[in-house]
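Chemist: Build me a structure from this.
(one chain, ligands or ions: 1)
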Amino acid sequence: MPEAPMPGGPIIAQLDLELRGIRKRYGSFVAVDDVSLKVEKGQFVCLLGPSGCGKTTTLRCVAGLEEPDDGDILIGGRQVTGDPPWKRDIAMMFQDFALFPHMSVAKQVGFGLEMLKKPRADIAKRVAEVLAAFEITALAERRPAQLSGGQKQRVALARAMITEPRILLLDEPIGALDYSLRETVMLELKALQKRTGISFIWVTHDQNEAFSLGDHVVVMNHAKIEQQGSPDEVLSRPATAFVAGFIQGNNVLRGKAGAADAGVLPVDTPDGRFLVPLAGRAAPMPGAEVSFSIRAELVQEGEPLDNAISARCTTVEFFGAYRRHVLESATGVVLKYDQFGAAKQRLREGETTTLAWRTKDAVLHA
Ligand SMILES: Nc1ncnc2c1ncn2[C@@H]1O[C@H](COP(=O)(O)OP(=O)(O)OP(=O)(O)O)[C@@H](O)[C@H]1O
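Modeler: Below is the predicted model:
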């Protein structure tokens with residue numbers, strides 16, 4: 001006989017991690033405020049935000065290195081409140097790699113299994129396998145001081161992965177590496193994550209890392225989540241002025257709402273009136289302070305489009321595939337305009353021009 005469906009709707013696939021309203025205070029200072037997050041099986045999640053916004057504290061709560069004051073943490077559907085780190089089915093990797101200075105590479109890599117009190121012979125066998133998999137067998141007897149940055153990173157990763165955790169927590173894991181190594185290591189880690197199906201929660205303040213690696217990007221500011229979604233959602237539809245300003249390449253304008261008509265909101269700014277699609281948002285009250293953004297690559301120069309602003313070019317920066325122009329409007333608003341490939345006309349520093357964009361390309365913030 002087929003099983004009766006569970007009451008209360010469809011069965012939801014088990015999540016690797018769920019945070020429900022996490023709050024963490026240090027004295028009267030709130031470091032993490034009402035953070036809720038769902039991590040699906042095998043997902044690559046990036047926590048992105050400026051220094052001090054609470055990313056590391058959130059990660060430390062998941063790891064069991066801090067206990068939240070409020071909220072629930074579920075790993076694989078199980079409440080882990082009060083459990084020590086080694087009982088949480090997680091592993092953690094830090095920016096400075098936190099290797100034990102007096103321990104050989106082989107000993108460090110086996111440390112997690114020793115904590116779990118596995119038989120000696122099993123540990124030795126597994127360590128040999130993992131050293132080989134991470135191509136560090138030749139380094140087995142070295143101490144951390146005898147390793148390069150890239151080698152330390154591999155050792156730290158091998159040590160974290162040996163227990164085959166459900167979730168790997170990575171705090172700025174490539175921050176200490178030379179720029180030349182970062183790209184390669186990022187690709188390796190992404191491939192490793194896909195191959196193993198382990199969920200990665202990767203803390204970074206580098207948006208390039210977050211948007212190129214994450215399946216799900218969580219943007220934090222002042223202890224709270226400002227926005228979370230796919231990289232594409234966050235990039236193309238920043239939910240708040242903070243997110244738009246934090247992500248490179250957005251122009252943020254502020255003004256007062258007019259009366260919305262046919263899904264379009266007029267916004268009066270010191271630089272003139274602009275039209276912004278509501279795109280599903282409720283129309284703000286006329287007179288309310290609002291903000292919106294337009295991506296620098298969607299701005300055009302000298303084209304007769306719905307929205308136009310006069311601005312003076314202050315800087316031109318070259319980025320290989322495109323040129324970024326930084327401009328200033330008559331009222332001092334800084335604007336960016338990107339030009340790709342060979343262009344007929346080149347805007348130069350000191351010149352005044354008209355920037356324009358289509359109404360559909362503007363994004364209204366909450
Ligand atoms: N043990 C502590 N005692 C007091 N305040 C703390 C403690 N740990 C963190 N904080 C404060 O909590 C806030 C959040 O810190 P957290 O390390 O989580 O930020 P972050 O987003 O990871 O920053 P960064 O990118 O600089 O590492 C900061 O203002 C920090 O000074």
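Chemist: Up against the ligand, what does the protein have?
Modeler: For the chain, the contact set with the ligand under C-beta under 6 Å from any ligand atom comprises Y26, F29, A31, G49, S51, G52, C53, G54, K55, T56, T57, H205. The C-beta positions use only the backbone N, C-alpha and C, and glycine is treated the same way.
Chemist: Keeping just the C-alphas, turn the helix or strand containing the third one into PDB.
Modeler: It stands for A31. Using DSSP states H and E, A31 sits within strand 29-39. Provided in PDB are the C-alpha atoms of strand 29-39 (Å, rounded to 0.1, in the frame of the first residue of the first chain):
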ATOM      1  CA  PHE A  29      27.000  45.100  21.400                       C
ATOM      2  CA  VAL A  30      25.000  43.000  19.000                       C
ATOM      3  CA  ALA A  31      27.400  41.200  16.600                       C
ATOM      4  CA  VAL A  32      24.700  39.000  14.800                       C
ATOM      5  CA  ASP A  33      21.100  40.100  14.700                       C
ATOM      6  CA  ASP A  34      18.200  37.900  13.700                       C
ATOM      7  CA  VAL A  35      20.100  35.900  11.100                       C
ATOM      8  CA  SER A  36      18.100  33.200   9.300                       C
ATOM      9  CA  LEU A  37      19.500  31.100   6.500                       C
ATOM     10  CA  LYS A  38      18.800  27.700   4.800                       C
ATOM     11  CA  VAL A  39      21.600  25.800   3.200                       C
END
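Chemist: and the next element down the chain from that strand?
Modeler: With DSSP H and E, the next secondary element past strand 29-39 is strand 44-48.
Chemist: buried ones in that following strand?
Modeler: Across strand 44-48, burial judged by 16 or more other C-beta atoms under 10 Å covers F44, V45, C46, L47, L48.
Chemist: Now do it: everything it contacts.
Modeler: Applying C-beta atoms under 8 Å, 6 or more residues apart in numbering, the external contacts of strand 44-48 come out as 37, 39, 55, 58-59, 190, 193, 199-207, 209-211, 213-220.
Chemist: Buried ones among the residues you listed?
Modeler: In terms of neighbour count (16+ other C-beta under 10 Å), the buried residues within these are 37, 39, 55, 58-59, 190, 193, 199-205, 207, 209-211, 213-220.
Chemist: Where strands are concerned, which of these count?
Modeler: Within the buried ones among the contacts of strand 44-48, residues falling in strands by DSSP state E are 37, 39, 199-204, 216-220.
Chemist: Any chance of a markdown table for those residues, columns pLDDT?
Modeler: Output for those, formatted as a markdown table (pLDDT from 0 to 100):
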| residue | pLDDT |
| --- | --- |
| L37 | 97 |
| V39 | 97 |
| S199 | 96 |
| F200 | 96 |
| I201 | 97 |
| W202 | 96 |
| V203 | 96 |
| T204 | 95 |
| H216 | 97 |
| V217 | 98 |
| V218 | 98 |
| V219 | 98 |
| M220 | 98 |
